[in-house]
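Visitor: below are the sequence and a predicted model for it; my questions follow.
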There are 2 protein chains.
Amino acid sequence: MKIGELSKKSGLSRDTIRLYEKNELISSSASQSETNNYREYSDDVLLQLQFVSAARTAGISIADLRELMKAFFDSCDPSEAENVIVAKIVELNERIEEIKNVVSFLEAALLKVRGGHSES
Amino acid sequence: MKIGELSKKSGLSRDTIRLYEKNELISSSASQSETNNYREYSDDVLLQLQFVSAARTAGISIADLRELMKAFFDSCDPSEAENVIVAKIVELNERIEEIKNVVSFLEAALLKVRGGHSES
DNA sequence: CCAAACCATGGACTACTGTCTATTGTTTTA
DNA sequence: TAAAACAATAGACAGTAGTCCATGGTTTGG
């Protein structure tokens, strides 16, 4: 498919898709036609974009995603790929804990706001 | 305390502290001295900075933190403050779920990388 | 056929965060 | 008292992420 269709299906703008491609998060091939330089995207790219989109929402940087996507698709060395992925899982679990801490703090603050004016 | 001490205790740079103050995440008072315009920070500000720091690490934006800090300290209307805090808790829990989804995806990818070449 | 819709490219631009620098003034300390 | 350390301010700067625009080429539908 061409970028317009990919844009519609992924919900990402053309510009964003091109940005991701420039950063090697996805790849494309040249169009069949010899007369233009349109890019052709496979269905797999749509799946990849869906993952990338979710990961970006979760706060994973483009640079980190490049590493991940490379590990998924380009790695000649499986153990290298494994290391990258495991490291990212660890990091994300840490982030979950951080967010949980913030949530705990907010819940405590909520109790105070709701009524606990016992001190001072 | 003055900004140097606050910087040491919080682990944030003077510049970052000033940035946060400009964005109303913390506040300070004028120094006792009449001859300078140094700012004076209370111990509470240190606690606030520790929260802010954790929240920034967890990916909460300065703009959102301004709303939260305002809800904590400046709100004349407790139910308004409550709404802001509850909304943020909901949002953070959603973010946790998003990150968990990404982790699940990565774990599945790990299985594939580790050996599961059964299909295709 | 021709206009509308599509595509690629490059660069400008925005917003956000944070750092660094220069300047100037104040306090501390040796 | 003089140097060193500290402070405030403003503006420049850098990196990240994404959008917008201008240009020019291509495809498609009426």
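Guide: In hand now; what should we look at? Numbers count the residues shown, from 1 in each chain, chains lettered A, B, ... in the order given.

Visitor: what parts of chain A come near DNA strand D?
Guide: Within chain A, the positions near DNA strand D by CB under 7 Å from any atom of the strand are A:12-13, A:15-16, A:19-20, A:33, A:35-36, A:38, A:56, A:61-63. Glycine gets a C-beta too; all of them are placed from N, C-alpha and C.

Visitor: could you redo the last one with a cut-off of 6 Å?
Guide: A:13, A:15-16, A:19, A:33, A:35-36, A:56, A:61-63 (CB under 6 Å from any atom of the strand).

Visitor: now the residues you listed in JSON lines, with distance to DNA strand C and pLDDT?
Guide: Formatted as JSON lines, those follow (distance: CB to the nearest atom of the strand, whole Å; pLDDT from 0 to 100):
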{"residue": "A:13", "distance to DNA strand C": "11", "pLDDT": "97"}
{"residue": "A:15", "distance to DNA strand C": "7", "pLDDT": "98"}
{"residue": "A:16", "distance to DNA strand C": "11", "pLDDT": "98"}
{"residue": "A:19", "distance to DNA strand C": "9", "pLDDT": "98"}
{"residue": "A:33", "distance to DNA strand C": "11", "pLDDT": "78"}
{"residue": "A:35", "distance to DNA strand C": "12", "pLDDT": "87"}
{"residue": "A:36", "distance to DNA strand C": "7", "pLDDT": "89"}
{"residue": "A:56", "distance to DNA strand C": "14", "pLDDT": "96"}
{"residue": "A:61", "distance to DNA strand C": "12", "pLDDT": "96"}
{"residue": "A:62", "distance to DNA strand C": "13", "pLDDT": "98"}
{"residue": "A:63", "distance to DNA strand C": "15", "pLDDT": "97"}
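
Visitor: mind telling me what element the closest residue to DNA strand C within chain A is part of?
Guide: Using CB to the nearest atom of the strand, the closest approach of chain A to DNA strand C is made by residue A:4 at 2.4 Å. Here residue A:4 sits within helix A:3-10, counting by DSSP states H and E.

Visitor: list the buried residues for that helix?
Guide: A:3, A:6-7, A:10 (16 or more other CB atoms under 10 Å in any protein chain shown).

Visitor: what does stretch A:32-39 give?
Guide: Here stretch A:32-39 shows residue A:39 as buried, counting by 16+ other CB under 10 Å.

Visitor: about what we covered before: out of the residues of chain A next to DNA strand D, list just those in strands.
Guide: Among the residues of chain A next to DNA strand D, DSSP state E puts none in strands.
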